[in-house]
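Student: Could you look at this predicted model? Sequence included:
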Amino acid sequence: VVDRREEGEVLRAERLVAGGVALARRDDGQVVLVDGALPGELVRVAPPAVRKGAQRAIVLEVLEGSPDRRQPHCRHVADGCGGCDLPGVDGGALVEAKVGIVRDALRRLGHVVDPRVVAAPPLPDHGFRTTLRLAVVDGRAGLRALRSHDVVGVEGCEVAHPSLVELIAEGRFGAASEVMLRVGGATGERMALVTPSADEVELPDDVVVVGADELAAGRRAWIHDEVADRRWRISAGSFFQSRIDGAAALVAVVRGCVDDHLATSPVPDEVTLLDAYCGVGLFAGALVAGRTGWRGVAVERSRSSVADARHNLADLPVRVVRAPVERFGAPRADVVVADPARAGLGRAGVAVVVATRASQVVLVSCDAAAAGRDAALLVAEGYAPTVSTVVDLFPHTHHVEVVTSFVRADDPSARSPSPSRHP
Ligand SMILES: C[S@@+](CC[C@H](N)C(=O)[O-])C[C@H]1O[C@@H](n2cnc3c(N)ncnc32)[C@H](O)[C@@H]1O
């Protein structure tokens, strides 16, 4: 709010909002979304331009820095690497900001009056990524620069699992344009999915190498990992969480929501779980295994993930259905776990969830705004949010992952919100 000069404009950042940008206001109240500023900072920004309906600007100079600024965690930030889009921010402050972003989304988009949002215990912020997507230029893997398609060559990556760092540094990827590297955090098995083709790729012998063209022609290739005391087959074309400690943390939070709900609600002898957007079967496997009287239906549209889920859940009473959720005839269920892609459930997904008449819906959202929009739709259908837990799978970035438990408003537990696992 402070000053406008020819070389830009001087603004005071208020708080981080969705997308990791800082909200600032001019004297007349007009909002400018600032890339690269932290809450409380006084910054000089380039002349703002309208993008996606909002005035947006990039920081040119930090005039008064935040005490939450830190030395960036990785030397490649100085080279322009944009793999981590919020480097140099205190980890605890960033998680607090994400909690605030989720609370704001639930209030503004979800119309939830006083949303309860907590943070799960922090996860390691180095060496954690077991899946990494990289660009390839001249046969070498690199990461995109911030807000650009340019590729920055990297010798390593502080957030990558150590056994992927070796592949980044030493791998040669022929004429490829992209590579997805994956390691089983518990098994050490490694894989490279190379686009468009794996011709002339040079990687250590243990790495399962497959081209996108071979996958399209029907080749199957996979590795295994272990999460929640189960072994998971994960194919090259299947989604899996980008870190296994994060997958375990999500399972723990989802289980906690379900257990809290069952503790305050009449428990039927037979419980049917719907795992919507099940991927390779993570939540159905983790929740149904070892629970007497539980059975499940898991739905997923990717052929590769469905094949993995059928393999991974073969020992459990879980039926895996290949279908888009929105075209799936919902069965009656007691509990729904829904973990949709970034766009969220939307009207069509919510209609399916609601048709199950489940007394609890646990929504796993990888976008705060989607969490807010889906909350509004579920509330309109008679579900009440009890608690949202932010699980920070993506330190040094704006990305948000949040688990929200909803219970049917006519369920006894809706009147006595369950205690938080992580107060
Ligand atoms: C965020 S992932 C979650 C997967 C799984 N729950 C896990 O944690 O590993 C979302 C999954 O939804 C699937 N998907 C996306 N859109 C879908 C749709 N419309 N219907 C069914 N599955 C869909 C994707 O293939 C992906 O496996």
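Tutor: Perfect, thanks for sending it. Numbering: from 1, shown residues only.

Student: Tell me how many other residues surround the residue lying closest to Arg172 once chain neighbours are set aside.
Tutor: Excluding the flanking residues, the one nearest Arg172 by C-beta to C-beta, 6 or more residues apart in numbering is Glu202, at 4.0 Å. Just so you know, the C-beta spots here come from the backbone N, C-alpha and C atoms, and that holds for glycine as well. Neighbour count of Glu202, defined by other C-beta atoms under 10 Å: 12.

Student: Phe173 against Val179, yeah?
Tutor: Yes: between Phe173 and Val179 there is a contact under C-beta atoms under 8 Å: 5.4 Å.

Student: Neighbour count for those two, which is higher?
Tutor: Phe173 (27 against 24).

Student: who's in contact with that one?
Tutor: Listed by C-beta atoms under 8 Å, 6 or more residues apart in numbering, the contact partners of Phe173 are 136, 139-141, 179, 192, 194, 201.

Student: ok, now how distant is whichever residue of the chain sits closest to the ligand from Ile234?
Tutor: Residue nearest to the ligand within the chain: Gly279 (2.7 Å; C-beta to the nearest ligand atom). Look at Gly279 and Ile234: by C-beta to C-beta, to the nearest Å, they are 9 Å apart.

Student: try His261
Tutor: For His261, the distance to Ile234 - C-beta to C-beta - is 29 Å.

Student: Chain neighbours aside, what residue packs nearest to Ala248?
Tutor: Nearest to Ala248 is Val227, by C-beta to C-beta, 6+ apart, at 5.2 Å.

Student: pLDDT wise, what is that neighbour at?
Tutor: We have a pLDDT of 98 for Val227.

Student: My guess is it contacts Gly246. True?
Tutor: No: taking contacts as C-beta under 8 Å, Val227 lies outside contact range of Gly246: 9.4 Å.

Student: Off-centre distance for stretch 201-220?
Tutor: Computed by C-alpha atoms, centre = their mean, to the nearest Å, the chain-centroid distance of stretch 201-220 equals 26 Å.

Student: Need the contact partners of it.
Tutor: 166-167, 170-174, 176, 189-199, 221-223, 235-237, 304, 307.

Student: Show the subsequent helix or strand relative to the helix or strand bottoming out on mean pLDDT in the chain.
Tutor: Lowest by mean pLDDT, DSSP states H and E among the helices and strands of the chain is strand 3-5, with a mean of 52. Next along the chain after strand 3-5, taking DSSP states H and E as the criterion, comes strand 8-17.

Student: Quick one: residues in contact with that following strand.
Tutor: The contact list for strand 8-17 (C-beta under 8 Å, 6+ apart) reads 1-4, 22-26, 32-34, 37-48, 57, 60, 63, 97, 100-101, 104, 398.
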